[in-house]
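# Have a look at this prediction, sequence included:
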Amino acid sequence: MLNTDVATVAARAEALRALQSTGSFLVMPNAWDAASARIFAKVGFAAIATTSGGVAQAVGYEDHENAPADEMLAAAGRITRAVDIPVTVDFEAGYGLPAGEVAQRLIEAGAAGMNIEDTDHHGGSPLVEAESHAQHLAEIKAAARAGGVNLVLNARVDPFIQRLGTREEQLAEGIRRGRLYLDAGADSIYPIGVTDEATIAALVQALGPINVMMWPGASPSLARLKEIGVRRVTYATGIFRRLYAQLEEVANGIYSEANGA
């Protein structure tokens, strides 16, 4: 079922694209349910992302495509329905769905954009083959446009988080993959796991539109990321984990009090 009309989804996609255009700096917290999305929108964020890890745990599964695609899409739909701002959906590696179905179902869920990663969750290699993945991205973009929405595609490159080779080798492979994905129609590249300023700066210089995952205590400050030329910043599961760590403290306090009474 369509979560909102195609024209609205298309308009939100173009709004998101403008927010991360050249010279812009977009910071997006990652929601995991409608309630968290509403808080982020109420505070004033112009757009938000989702976190696959947070969403999966919120619906009773572990991250890394252990949740059924239907559950993740239903959660995405509840999030986009809860707010009037663009939402980009973390769709992991696509849950094995064909490109046309990925595009159609994300549009139906009301997504203005999407993350898709090149980790191989179901095969024998850490990463999927780069050229075939680039073709898959091109097919998703084409299918989305045919459906009336130019989805903002944030293509994740995973040599860094998979720790493949030396840091220099990771950077070279990240740039190679990033260029392929940009040529295929990606709007930005997401080198998840990169926190050092030198590598971030090298990726910005080589690729342009970069999404950086903020890692408190390890990543450069937001001000410095903006100076370097990073286009957008997200928080992955960081906010979710912080909140639920606090919730566990509250739960332990209540339990201790109840059992000491």
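Received the coordinates, thanks. Numbering: from 1, shown residues only.
# got any ranges where this structure has weak pLDDT?
Scanning the chain for pLDDT under 70 picks out the ranges 1, 261.
# how about the helices of it, start to end?
6-19, 34-43, 52-58, 69-82, 99-108, 130-146, 167-183, 197-207, 222-228, 238-260 (DSSP state H).
# Comparing those, which comes out most buried?
helix 52-58 (a mean of 23; mean count of other C-beta atoms under 10 Å). Backbone N, C-alpha and C define where each C-beta goes, glycine included.
# Just checking the distance from that helix to the centre of its chain.
Its chain's C-alpha centre lies 12 Å from the corresponding centre of helix 52-58 when counted by C-alpha atoms, centre = their mean, to the nearest Å.
# Likewise for stretch 128-148?
Between the centre of stretch 128-148 and the centre of its host chain there is 17 Å, according to C-alpha atoms, centre = their mean.
# got the CA coordinates for that stretch in PDB?
Taking Å, rounded to 0.1, in the frame of the first residue of the first chain, the C-alpha atoms of stretch 128-148 are listed here in PDB:
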ATOM      1  CA  VAL A 128      29.900  -8.300  -3.500                       C
ATOM      2  CA  GLU A 129      31.600  -7.800  -6.900                       C
ATOM      3  CA  ALA A 130      31.900  -4.000  -7.500                       C
ATOM      4  CA  GLU A 131      30.900  -3.900 -11.200                       C
ATOM      5  CA  SER A 132      27.800  -6.100 -10.700                       C
ATOM      6  CA  HIS A 133      26.800  -4.000  -7.700                       C
ATOM      7  CA  ALA A 134      27.200  -0.800  -9.700                       C
ATOM      8  CA  GLN A 135      24.900  -2.300 -12.300                       C
ATOM      9  CA  HIS A 136      22.400  -3.100  -9.600                       C
ATOM     10  CA  LEU A 137      22.500   0.500  -8.400                       C
ATOM     11  CA  ALA A 138      21.900   1.800 -11.900                       C
ATOM     12  CA  GLU A 139      18.900  -0.500 -12.200                       C
ATOM     13  CA  ILE A 140      17.400   0.700  -8.900                       C
ATOM     14  CA  LYS A 141      17.800   4.300 -10.000                       C
ATOM     15  CA  ALA A 142      16.200   3.600 -13.400                       C
ATOM     16  CA  ALA A 143      13.300   1.700 -11.800                       C
ATOM     17  CA  ALA A 144      12.700   4.500  -9.300                       C
ATOM     18  CA  ARG A 145      12.700   7.200 -11.900                       C
ATOM     19  CA  ALA A 146      10.300   5.100 -14.000                       C
ATOM     20  CA  GLY A 147       8.100   5.000 -10.900                       C
ATOM     21  CA  GLY A 148       8.100   8.700 -10.700                       C
END
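# Of the helices of the chain, which is nearest Trp215?
For Trp215, the closest of the helices of the chain is helix 238-260, at 7.0 Å, according to C-beta to C-beta.
# which residues touch the closest one?
For helix 238-260, the external contacting residues (C-beta atoms under 8 Å, 6 or more residues apart in numbering) are Pro29, Asn30, Trp32, Ser36, Thr51, Gly53, Gly54, Gln57, Met213, Met214, Trp215, Pro216.
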